[in-house]
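Peer 1: quick one, fold the following:
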Amino acid sequence: MATQDELKQQVAKAAIEYVKGGIIGVGTGSTANFFIDELAKVKDRIDGAVASSEATAQRLRGHGIKVFDLNDVDGMEIYVDGADEITEKLHMLKGGGGALTREKIVAACAKDFICICDQTKLVPVLGKFPLPVEVIPMAREYVARELVKLGGQPKLRDFTTDNGNVILDVHGLTITDPVALESRINEIVGVVTNGLFASRPANVLLLATADGVKTLTAR
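Peer 2: Residues are numbered from 1 along each chain as shown. Purely as a prediction, here's the structure:
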């Protein structure tokens, strides 16, 4: 039986089929790292990449891939990233690696979001994985109280984002309407953004399974 790393490698290779040239957006995390390593093998095919975190930028440069500032790019054909949870509607919960805000920004600038995951990340309902919320530091306690009102149990992560902010991981949520909850949390003053990628879901999910990589599109 394939290990989780082997599954991630399979799906990273499958995502290379979507790399047609130009500048591409690249996500953050262990699965995205496998994709970067595969991308290095075809780097002559692209002009470069936009990174969703400092860690990703460093890994891309280490492979000799040019990293562009998003402000210098008009747009991208694709953004490739993993997810902590994803549903069959391709709504995602992301941010376990702490790069949710930059991931959301880069994804917004791409025509297509290609999500790459192993089968353990496909869930019927989001929320078992704690929902990350990036918060301006001075608003931390206020935001935490507001999140409690929404039924969550926020816990401060020992982590500072690339933007200099803090993350509250919200436990105990069963997210039946991710589009509405994404919007509601983002309305709380002091919230930068949250880890629900539902108002702009993935376009394609490449799912690594024991039987190979399956392709799902939004239903």
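Peer 1: strand partners of the longest strand seen in the chain, parallel vs antiparallel please.
Peer 2: The strand spanning the most residues in the chain, taking DSSP state E as the definition, is strand 110-118. Under the criterion DSSP bridges, strand 110-118 sits next to strand 76-81 (parallel), strand 204-209 (parallel) in its sheet.
Peer 1: list the contacts of that strand.
Peer 2: The contact list for strand 110-118 (Cβ atoms under 8 Å, 6 or more residues apart in numbering) reads 4, 7-8, 11-12, 14-15, 18, 24-25, 31-32, 35, 75-83, 86, 90, 92, 107, 197, 200-209. (C-beta placed from N, C-alpha, C; glycine too.)
Peer 1: going through those residues, which ones are buried?
Peer 2: Buried members of the contacts of strand 110-118, counted by 16 or more other Cβ atoms under 10 Å: 7-8, 11-12, 14-15, 18, 24-25, 31-32, 35, 76-83, 86, 90, 92, 107, 197, 201-208.
Peer 1: the lowest-mean-pLDDT helix or strand in the chain: what's the following helix or strand?
Peer 2: Scoring the helices and strands of the chain by mean pLDDT, DSSP states H and E places helix 4-15 at the bottom, with a mean of 93. Remark: after helix 4-15, the chain's next helix or strand is strand 23-26, criterion DSSP states H and E.
Peer 1: what's the average pLDDT for that next one?
Peer 2: Looking at strand 23-26 alone, the average pLDDT works out to 98.
Peer 1: which helices and strands does that strand pack with?
Peer 2: Counting contacts by 3 or more Cβ pairs under 8 Å, 6 or more residues apart in numbering; DSSP states H and E, strand 23-26 is packed against helix 30-39, strand 48-51, strand 76-81, helix 100-108.
Peer 1: what are the pairing partners of it, and which direction each?
Peer 2: Note on strand 23-26: by DSSP bridges, its sheet partners are strand 48-51 (parallel), strand 76-81 (parallel).
Peer 1: could these be laid out in a markdown table, adding mean pLDDT and distance to Gly172?
Peer 2: What follows is the strands paired with strand 23-26, written out as a markdown table (pLDDT from 0 to 100; distance: least, Cβ to Cβ, whole Å):
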| stretch | mean pLDDT | distance to Gly172 |
| --- | --- | --- |
| strand 48-51 | 98 | 32 |
| strand 76-81 | 97 | 26 |
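Peer 1: now those strands as a markdown table including distance to Gly64?
Peer 2: As requested, these are exported to a markdown table (distance: least, Cβ to Cβ, whole Å):
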| stretch | distance to Gly64 |
| --- | --- |
| strand 48-51 | 10 |
| strand 76-81 | 18 |
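Peer 1: with respect to Ala57, which of these lies nearest?
Peer 2: strand 48-51 (3.8 Å; Cβ to Cβ).
Peer 1: give me the contact list for the closest one.
Peer 2: With Cβ under 8 Å, 6+ apart, strand 48-51 has contacts from 23-26, 28, 39, 57, 60, 65-70, 73, 76, 106, 109.
Peer 1: the same query, at a cut-off of 6 Å, please.
Peer 2: Applying Cβ atoms under 6 Å, 6 or more residues apart in numbering, the contact partners of strand 48-51 are 23-26, 57, 60, 65-68, 70, 73, 106.
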